[in-house]
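A.B. asks: Fold the following, please.
(2 chains)
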Amino acid sequence: MTPQSEDFSAWYNELVFKAELVDRGPAKGTMVIRPYGYRLWELIQADLDRRIKETGHQNAYFPLLIPQSYLQREAEHVEGFAPELAVVTHAGGKQLEEPLIVRPTSETVIGEFMAKWISSHRDLPMLLNQWANVVRWELRPRMFLRTTEFLWQEGHTAHADEADAMRETMLALDTIYARTARELAAMPVIEGEKTPGERFAGAARTFTIEGMMRDGRALQAGTSHYMGTNFARAFNIQYAGEDGSLIHAHTTSWGMSTRMIGGVIMTHGDDKGLVLPPRLAPYQVVIVPIGRGDQAGEVLAAAAALAQRLAGAGIRTHVDDRPQLSPGFKFNDWELRGVPLRLELGPRDLAAGTAVMARRLGGPKEPISLDGAPARLADELEAFQALLFERATAFRDEHTVTTDEWDDFTKAVATGWA
RNA sequence: CGGGCUGUAGCGCAGCUUGGAAGCGCACUGGCUUUGGGUGCCAGGGGUCGCGGGUUCAAAUCCCGCCAGCCCGACCA
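C.D. replies: Residues are numbered from 1 along each chain as shown, chains lettered A, B, ... in the order given. I've put the predicted structure just below:
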């Protein structure tokens, strides 16, 4: 694999395929997310969904196809998105009277229904979220970072006034996104507001969390927008106030996508491959049984028993029992795939009642006792999670400019991955 | 859309200059061997050589046209 230092972009491109996260989709810029990659998404999803619900939001689902006229209701919104829309013009063997847009984001269709569902101040705030796929015809796709179709959640809320809407905007940014990034993905993100030129089309204010990638460039890893009354005016989201007067609601929207996976790869990965934070790793511990012939059965049985005990302790464990592959091959394979901890279990270990533990970031291998393995590994995983965050924080601090240079920073973001 | 590059087995590539039986490595299948850092050997399977046309006794190779993909930019609200 190309080393990061030689060509970071090539390193990334090769890694996502070699680690079996993705394959190329048939249409340009699309991606097939393979099981190992999709598991990463599921783990992000589970964590985010929990936080979204804990903060009072409810999940709903709106249609993939949006009438073209909806997009045109908000002038800046349509202008911003027009170049990257996929449009359905024919269906059922006929040309459609009104073309349908494959959603690039759902403000418009959700706005339409919020207008229908909101009539009183008692209906506010309305706190919705949807898990969905969206399509944006980007000129230069990159796996996870900017694909034609991607998966995300989009929160959409409506509030009585600016203060409440801004509270929501910051709640999504800080309590939901920044915490997910830091606590789950071990990404020491910076929260900030985008410049007017970088604002979401139709938004009054746009905030993001920005991660620091190992090539020293920033990645926008989550966005939260305060829309003011722009969409409320375009879609007639109005409510009767306590005094009976009609008032436009203030809306927000916020999203985090499969791009987050790209962020994790570029925040922690090294020349040997992925480095996954334990809380996000599909397999936190992989057991490589060593030995064949007479010993094989015994070793495999011991590995399975150990895996069972670890699973019982809540540790995601995998036994690599592929018989045709050598241990050395498996070691490299699981390092490439970013598994935090590896246990080597052979006849020598069994005799001694131990297993050899190796950490993904290297250092000396260490024998640990089989009896105490679940507790020991749980501790090791916690320590590994913390170490990754510290390491990434140190790297970020070396590469981040001061707030005085914020303009330059956002400029760097704009010309970087974001 | 501009600049560069590439289309030959699942993947990575050689062959093209100078036309003459479609190859190599990895992967895959079967067998044996081997297993504490990317095992070794033997035998196999797999191809509209991107597409269309032309030249020729003969085209992966030469000529014309088209298409697709990748990389670097522009775009990324």
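A.B. asks: switch to C-alpha atoms for all contacts and neighbour counts from now on
C.D. replies: Noted.
A.B. asks: Just give me the neighbour total for residue A:74.
C.D. replies: Burial of residue A:74, expressed as a neighbour count using other CA atoms under 10 Å, amounts to 20.
A.B. asks: Does it touch residue A:230 like I think?
C.D. replies: Yes: between residue A:74 and residue A:230 there is a contact at 7.4 Å, judged by CA atoms under 8 Å.
A.B. asks: anything in contact with each of the two?
C.D. replies: residue A:202 (CA atoms under 8 Å, 6 or more residues apart in numbering).
A.B. asks: Longest helix in chain A, please.
C.D. replies: For chain A, the helix that runs over the most residues, judged by DSSP state H, is helix A:373-399.
A.B. asks: what packs against that helix?
C.D. replies: For helix A:373-399, the helices and strands in contact under the criterion 3 or more CA pairs under 8 Å, 6 or more residues apart in numbering; DSSP states H and E are strand A:205-212, helix A:259-268, helix A:294-312.
A.B. asks: Any idea what residue A:88 is bridged to?
C.D. replies: Beta-bridge partners recorded for residue A:88 (DSSP bridges): residue A:100.
A.B. asks: Just checking the distance from stretch A:106-119 to the centre of its chain.
C.D. replies: In terms of CA atoms, centre = their mean, to the nearest Å, the centre of stretch A:106-119 is set 27 Å apart from its chain centre.
A.B. asks: What mean pLDDT does it get?
C.D. replies: In this model, stretch A:106-119 has an average pLDDT of 97.
A.B. asks: How about residues contacting that stretch?
C.D. replies: Outside stretch A:106-119, the residues that touch it by CA under 8 Å, 6+ apart are A:62-63, A:66, A:70-71, A:123-124, A:154, A:156, A:158, A:231-232, A:235-240, A:253.
A.B. asks: mind redoing it with 6 Å?
C.D. replies: Judged by CA atoms under 6 Å, 6 or more residues apart in numbering, the contacts made with stretch A:106-119 from elsewhere in the structure are A:70, A:235, A:236, A:237, A:239.
A.B. asks: got it, and stretch A:54-74?
C.D. replies: Outside stretch A:54-74, the residues that reach it (CA under 6 Å, 6+ apart) are A:78, A:99, A:100, A:101, A:102, A:103, A:108, A:127, A:128, A:129, A:130, A:234.
A.B. asks: same question, stretch A:376-392
C.D. replies: Outside stretch A:376-392, the residues that touch it by CA under 6 Å, 6+ apart are A:186, A:277, A:278.
A.B. asks: what's the answer for stretch A:24-32, then?
C.D. replies: The contact list for stretch A:24-32 (CA under 6 Å, 6+ apart) reads A:22, A:23, A:141, A:147, A:148, A:149.
A.B. asks: Pull out the buried residues from those.
C.D. replies: The neighbour-count test (16 or more other CA atoms under 10 Å) applied to the contacts of stretch A:24-32 identifies A:22, A:141, A:147, A:148, A:149 as buried.
A.B. asks: Among those, name the ones in strands.
C.D. replies: For the buried ones among the contacts of stretch A:24-32, the ones inside strands are A:22, A:149, with DSSP state E as the criterion.
A.B. asks: picking that back up, any chance of the contacts of stretch A:24-32 in TSV, with pLDDT and distance to residue A:113 too?
C.D. replies: Formatted as TSV, the entries for these read as follows, by pLDDT from 0 to 100; distance: CA to CA, whole Å:
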residue	pLDDT	distance to residue A:113
A:22	89	36
A:23	86	37
A:141	86	32
A:147	89	28
A:148	89	26
A:149	90	24
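A.B. asks: among those residues, which are in reach of RNA strand B?
C.D. replies: When CA under 7 Å from any atom of the strand is taken as the criterion, the members of the contacts of stretch A:24-32 that contact RNA strand B are residue A:141.
A.B. asks: and which of the contacts of stretch A:106-119 is nearest to RNA strand B?
C.D. replies: Within those, the smallest distance to RNA strand B is 15.7 Å, found for residue A:70 (CA to the nearest atom of the strand).
A.B. asks: and that closest one, backbone torsions?
C.D. replies: Note on residue A:70: backbone dihedrals following degrees, to the nearest 10 are phi -60, psi -50.
A.B. asks: got a list of what the closest residue to RNA strand B within the stretch 201-350 of chain A touches?
C.D. replies: Using CA to the nearest atom of the strand, the single residue of the stretch 201-350 of chain A nearest to RNA strand B is residue A:201, 2.4 Å away. By CA under 6 Å, 6+ apart, the contact list for residue A:201 reads A:76, A:77, A:80.
A.B. asks: Phi, psi for it please.
C.D. replies: When read as degrees, to the nearest 10, the backbone of residue A:201 gives phi -70, psi 110.
A.B. asks: before we move on, what about residue A:323?
C.D. replies: With angles defined as degrees, to the nearest 10, residue A:323 shows backbone torsions of phi -70, psi -30.
A.B. asks: what's across from the residue lying closest to residue A:193 once chain neighbours are set aside in the sheet?
C.D. replies: Nearest non-adjacent residue to residue A:193, counting by CA to CA, 6 or more residues apart in numbering: residue A:207, 4.2 Å away. For residue A:207, the beta-bridge partners are residue A:193, residue A:224 (DSSP bridges).
A.B. asks: Show me what from the stretch 151-300 of chain A comes close to RNA strand B.
C.D. replies: Going by CA under 7 Å from any atom of the strand, the residues of the stretch 151-300 of chain A near RNA strand B are A:197, A:198, A:199, A:200, A:201, A:202, A:203, A:290, A:291, A:292, A:293.
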